[in-house]
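*Asks:* Fold the following and give me the result.
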Amino acid sequence: MAQPPSVEQFTRLEVELEFVQCLANPLYLNYLAQSQYFENPAFIAYLEYLEYFRQPEYTKLLTYPSYSLNALSLLKQPAFRNDIMNPHTAKIMVDDGIAGVTALMVQQRGRENAIGGEAEGTGAGGDSGAVSGENGQAMGVDMAKTNGRA
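*Replies:* The predicted structure follows:
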């Protein structure tokens with residue numbers, strides 16, 4: 001049976017790229033919080049170091065740059081690092097992210113239909129394409145909703 005590749009077989013950039021891309025997953029952020037990684041000042045410094053992925057030559061390597069870089073920004077905030085410990089916060093982020101992607105797909109279909117002669121902004125079935133997260137941002141979190149005040 002073949003052995004899985006070891007970390008030593010990858011460049012530092014490949015390992016860091018994989019990690020930054022994992023930050024796009026709110027459930028992974030919750031795992032990191034539950035595992036108390038955010039309690040470690042060295043880990044917080046590492047997150048700061050990863051800011052180099054905002055440079056265009058590195059951003060283009062990310063599969064989901066918006067989600068990954070937004071998560072990196074959120075993780076700089078101590079309040080968010082505390083809030084993401086709550087699995088409900090991660091669920092809200094997942095739900096909002098899925099809704100945001102759905103909205104983009106509907107908008108894309110609307111543009112394609114407009115090119116084909118239909119009115120822009122209408123998706124399949126003539127809907128307006130108004131599918132989005134409650135806060136209208138990918139990877140955004142409505143903390144009032146998270147804390148049960150919505």
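
*Asks:* farthest residue from the center of the protein?
*Replies:* Using Cα atoms, centre = their mean, the residue of the chain lying farthest from its centre is residue 1. It sits 35.3 Å away.

*Asks:* need the contact list for that one.
*Replies:* Residues near residue 1 by Cβ atoms under 8 Å, 6 or more residues apart in numbering: none. Yep, even glycine has a C-beta here, placed from its N, CA and C like the rest.

*Asks:* One more: residue 43?
*Replies:* Applying Cβ under 8 Å, 6+ apart to residue 43 gives the contacts residue 37.

*Asks:* Look up how far residue 114 lies from it.
*Replies:* Distance, residue 43 to residue 114, using Cβ to Cβ, to the nearest Å: 47 Å.

*Asks:* And for residue 18?
*Replies:* 38 Å.

*Asks:* now swap in residue 59 and tell me
*Replies:* On the measure of Cβ to Cβ, residue 59 and residue 114 end up 29 Å apart.

*Asks:* Same question for residue 33.
*Replies:* Taking Cβ to Cβ, one finds residue 33 at 43 Å from residue 114.

*Asks:* More neighbours: these two, which one.
*Replies:* Using other Cβ atoms under 10 Å as the criterion, residue 33 and residue 114 rank with residue 33 on top: 22 against 13.

*Asks:* Quick one: neighbours of residue 28, just the number.
*Replies:* Residue 28: 16 surrounding residues under other Cβ under 10 Å.

*Asks:* show me what contacts residue 21?
*Replies:* Counting by Cβ under 8 Å, 6+ apart, residue 21 touches 62, 63, 64, 68.

*Asks:* Apply 6 Å and report the result again.
*Replies:* Residues in contact with residue 21 (Cβ atoms under 6 Å, 6 or more residues apart in numbering) are 63, 68.

*Asks:* Check which helix or strand it maps to.
*Replies:* helix 12-22 (DSSP states H and E).
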